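Asker: Predicted model and sequence below, questions to follow.
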Amino acid sequence: MLYPEFLKKGDTIAVISPCKHVSEEEVAPNLEALKNWGYEVVLGENVFSKSGFFAGTDKQRAADLQWAIDHPYAKAILMTRGGYGLIRIIDQVNFTSFAEKAKWLIGYSDATVIQNHLFQKNIASMHAPMLMGLTTIAEPARIHWQDLIKGNAQSIAFIAGEQSNFKDLRIEGRMIGGNLSLLYALQGSHSFPYLKDCILFIEEIDEYRYHVDRMLMSLSRSGALKGLKAVVVGYLTDVKESTKEYGITSEAMILERFEAFDIPVIFGFPAGHEADHRGFVQGAMTKIEMQDFKALVTQDWV
C-alpha cells in the first residue's frame, strides 16, 4: 500500500468541490481555520461553481479533480463537502501522476467512490471530515483530524455497541469501505474493492430501512462479502421507516446479513455523519482489540 507523505505546518492543501454545490460564505470560516492551523490553501477554479445540484458541470468538476491530482506541490486534496457527483466523473480522470506522487485524498460519504478506486490502485486515503465540517465537528474529532493528517492519530478507542456479535475479539486486516449506498453503487465496476481478508467499514445516512436491507442483500448475492475479517459499523444517521414499519432494526438486519458468512460485526465506531467523527486511513493495516465491548482500533502505515 502506498501512503502519501503526511502533512506538516506550511504544507499546501488543494481544496475542490467534486460533488454538491457549496458557497464561498459557507466555507469561509473553515478556510480561515486551515490557515490558522498553519497550512497553505489553494482553491480549484470551479470550487464555488454551480450547475443545478452540482458544483459545476461534470467537465468542470473533473477538471478540478485532475488539477488537484496533478498539482506539483500540494500534499493533500480536501473535498469541501459530499452529496453526490464523484461517480459521474471518476472515469474522466487520469490517475497516473497520482500514483507517481500520491497526495492524501480527504473526505467521506461521496468520497467513498474515489477512496475505493484508489484502494484498488494500492493507494491509501483518509476517511475524515471535509472542509465544511472542520469548525462544527466535536472538539475531540477536530483534534483527531489535525493529528491524523500529520500521521499522529493511529488509535481510536470506543465502546462497541451491545448489538455487536462479539464482546471479546482480536483481529487484523486492511480497513476499507465507507458509505453503504456508494459501495452498493460501485458493484460491478473497477472501483469496487477486493474485500477478501479486509475489515469492511460501513456507515449510512438518510435511507429507508428496507433499502438498507436491499443493499446488503445485493452485496451478499454478488459474493462481495465472502472472506471478510470483520465488519465495523459507524453511524447509521436518520435511517428511517417508510410508510410501513419494516419490522426489524438496522442493527439486526446488518447482523443477519454478515452472520450468514460467519463474520464478526462491531457496532459503535465513531465515524460517519455525526459531530464526533474520528478519521482513519482507508487501506491501512488495522488491528481491532476488544474486551468486554471496550474496543481499540490501531492502524499501521505499512
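Answerer: Yep, that arrived. Residues are numbered from 1 along each chain as shown.

Asker: close enough to count as contact, residue 125 and residue 282?
Answerer: Yes - counting by CB atoms under 8 Å, residue 282 is a contact partner of residue 125 at 4.7 Å. (Glycine included, C-beta is placed from N, CA and C.)

Asker: Mutual contacts of the two, please.
Answerer: 115, 118-119 (CB atoms under 8 Å, 6 or more residues apart in numbering).

Asker: Roughly how far does the residue with the largest distance to the centre of the chain sit from residue 250?
Answerer: Within the chain, residue 244 marks the point farthest from the mean C-alpha position, 31.1 Å out by CA atoms, centre = their mean. To residue 250, residue 244 is 16 Å away according to CB to CB, to the nearest Å.

Asker: tell me which residues of stretch 119-129 are tucked away?
Answerer: 119-120, 123-129 (16 or more other CB atoms under 10 Å).

Asker: again, but for stretch 96-104
Answerer: Residues 98, 102-104 are the ones in stretch 96-104 that count as buried (16+ other CB under 10 Å).

Asker: same question, stretch 9-20
Answerer: Buried positions in stretch 9-20, judged by neighbour count with 16+ other CB under 10 Å: 11-20.

Asker: Residue 51 is in contact with residue 88, isn't it?
Answerer: No - if you go by CB under 8 Å, residue 51 and residue 88 don't touch, sitting 11.3 Å apart.

Asker: mind checking the SS state of residue 119?
Answerer: Assigned with DSSP: H, G, I helix; E, B strand; the rest coil, residue 119 falls in the helix class.

Asker: Mind giving me the packing neighbours of the helix or strand hosting residue 287?
Answerer: Using DSSP states H and E, the element containing residue 287 is strand 285-291. Secondary-structure packing of strand 285-291 (3 or more CB pairs under 8 Å, 6 or more residues apart in numbering; DSSP states H and E): strand 169-179, strand 294-300.

Asker: ok and that strand relative to strand 169-179, angle-wise?
Answerer: For strand 285-291 against strand 169-179, the angle by axes from the mean of the first three to the mean of the last three CA atoms, to 10 degrees is 120 degrees.

Asker: List the neighbouring strands of strand 285-291 plus their orientation.
Answerer: Take DSSP bridges as the rule and strand 285-291 pairs in its sheet with strand 169-179 (antiparallel), strand 294-300 (antiparallel).

Asker: Can I get the following helix or strand past the longest one in CSV? Just the C-alpha atoms.
Answerer: Translated: strand 169-179. Downstream of strand 169-179, the first helix or strand assigned by DSSP H and E is helix 180-186. The C-alpha coordinates for helix 180-186 follow below in CSV (Å, rounded to 0.1, in the frame of the first residue of the first chain):
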residue,chain,number,x,y,z
LEU,A,180,-23.0,1.8,2.2
SER,A,181,-25.1,3.4,-0.7
LEU,A,182,-21.9,4.2,-2.6
LEU,A,183,-20.4,0.7,-2.1
TYR,A,184,-23.6,-0.7,-3.4
ALA,A,185,-23.5,1.7,-6.4
LEU,A,186,-19.8,0.7,-7.2
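
Asker: Tell me the helix or strand right after helix 180-186.
Answerer: Going down the chain from helix 180-186, the next helix or strand is strand 198-205, by DSSP H and E.

Asker: From residue 45, how far out is the residue nearest to residue 39 when sequence neighbours are not counted?
Answerer: What sits nearest to residue 39 in space, not counting adjacent residues and going by CB to CB, 6 or more residues apart in numbering, is residue 13, at 5.2 Å. Relative to residue 45, residue 13 is positioned 16 Å away (CB to CB).
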